[in-house]
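Chemist: need a 3D model of the following:
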Amino acid sequence: MTFWHHIGLPRGRMLAVGRRTLVVGTLNVTPDSFYDGGRFFPDAQKAIARLGEILYQGANIVDIGGESTRPGSVPISAEEELARVIPVINAARKRFGPAPVISIDTCKSEVASRALEAGGDMINCLGGTLFDQSVARVAAESGCPIVIYHIRGSPRTMQEGEIMYEDIIGDIKKFFEEQIAFLIKSGARKEQCIIDPGIGFGKTVAQNLEIIRRLGEFKTLGLPIMIDVSRKGHLGVILKDAFGMSEIPPPEERLEAGLAETAVAVMNGAGMVRTHDVFETRKFLAVIDAVRQA
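Modeler: Purely as a prediction, here's the structure:
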């Protein structure tokens with residue numbers, strides 16, 4: 001069964017999630033993201049050129065991030081994050097106009113608010129309101145969509161120690177329910193919310209795979225599900241074990257593995273896919289969506 005969701009955007013626009021899986025293209029303007037860190041920073045012109053490529057390749061949404069959240073990463077100030085993302089959003093609107101849907105990948109309310117003022121359309125928020133409760137106020141006042149992205153701990157600590165859940169799906173679902181309740185209490189609407197179980201953010205390889213396998217259980221929340229497995233570390237571990245490699249293959253060698261996992265996720269209910277590889281993902285999803293609708 002296909003579940004339809006209509007997500008309202010600023011300036012009277014709408015995103016339909018359901019029949020066709022939406023592609024969210026990643027644009028990191030950071031020096032240290034795990035895959036593309038430094039490619040599009042600090043040169044804003046390179047970032048805008050890449051944004052144009054992402055749109056040309058068919059992304060439904062461009063997700064712009066100015067702070068790395070790779071395992072072990074250290075937070076930066078709001079001022080530094082703003083200096084990275086606002087010029088890109090301003091230049092994007094000047095060059096490409098109002099049509100492209102721009103998401104700001106941040107967990108800071110100040111960055112989210114300023115990005116929306118500059119022309120952003122939605123917030124992709126690691127931890128939801130976990131790190132900054134004022135994000136709820138920004139979502140409520142703007143009425144924009146907000147992705148609630150699950151994480152255990154913080155980016156700096158999420159993969160440290162023994163990673164245990166009583167029931168990983170139940171625990172993550174409880175996190176979503178608490179976040180949604182807080183957003184509603186703050187004046188936002190449930191219909192603004194999108195959920196992402198946070199593959200790789202405080203999970204073991206086995207736990208990541210269990211989330212993908214049981215992803216359909218999140219449908220009971222009645223919200224669009226976004227998934228992001230693009231070139232992530234657990235894929236490298238799987239490939240290393242499968243092929244008896246001496247080392248974990250780098251992100252550059254994980255594309256096909258990520259597409260395979262994406263296929264399972266979409267068949268299990270993901271309606272949005274965040275990726276570094278827009279064109280390859282779009283072609284792949286065209287077939288997956290055709291099978292789903294057959």
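
Chemist: in which helix or strand does Leu209 reside?
Modeler: helix 205-213 (DSSP states H and E).

Chemist: check which helices and strands that helix is in contact with.
Modeler: Applying 3 or more C-beta pairs under 8 Å, 6 or more residues apart in numbering; DSSP states H and E, one finds that helix 205-213 contacts helix 168-185, helix 233-243, helix 255-267. In short, each C-beta sits where N, CA and C put it, glycine included.

Chemist: which residues touch that helix?
Modeler: Identification of contacts with helix 205-213 by C-beta atoms under 8 Å, 6 or more residues apart in numbering yields 163, 165, 168-169, 172, 197, 199-200, 203, 227, 229, 232, 234, 237-238, 261, 264-265, 268.

Chemist: now the residues you listed: which count as buried?
Modeler: Buried residues within these, counting neighbours by 16 or more other C-beta atoms under 10 Å: 168-169, 172, 197, 199-200, 203, 227, 229, 232, 234, 238, 261, 264-265, 268.

Chemist: with respect to Leu55, which of those residues is nearest?
Modeler: Using C-beta to C-beta, Ile227 comes nearest to Leu55 of the buried ones among the contacts of helix 205-213, at 21.2 Å.

Chemist: if we can go back for a sec, need the helices and strands packed on helix 205-213 in TSV with distance to Gly18, can you?
Modeler: Listed next are the helices and strands packed on helix 205-213 as TSV, based on distance: least, C-beta to C-beta, whole Å:
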stretch	distance to Gly18
helix 168-185	20
helix 233-243	27
helix 255-267	12
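
Chemist: deepest of the ones you listed, which one?
Modeler: Among these, ranked by average contacts under mean count of other C-beta atoms under 10 Å, first place goes to helix 255-267 (a mean of 19).

Chemist: please name the strands paired to the helix or strand just after it in the sheet, noting orientation.
Modeler: Following helix 255-267 in sequence order, the next helix or strand is strand 272-275 (DSSP H and E). Using DSSP bridges, the strands paired with strand 272-275 are strand 22-28 (parallel), strand 226-227 (parallel).

Chemist: out of these, flag the one nearest Gln57.
Modeler: Between the strands paired with strand 272-275, strand 22-28 lies closest to Gln57; by C-beta to C-beta that is 7.3 Å.

Chemist: can you get me a residue count around the closest residue to Gly66 other than its chain neighbours?
Modeler: Spatially, and ignoring its direct neighbours in sequence, Gly66 is nearest to Arg84 (3.5 Å; C-beta to C-beta, 6 or more residues apart in numbering). Arg84 is flanked by 23 other residues according to other C-beta atoms under 10 Å.

Chemist: tilt between the host helix or strand of Arg84 and strand 22-28?
Modeler: Using DSSP H and E, Arg84 falls within helix 78-96. For helix 78-96 against strand 22-28, the angle by axes from the mean of the first three to the mean of the last three C-alpha atoms, to 10 degrees is 120 degrees.
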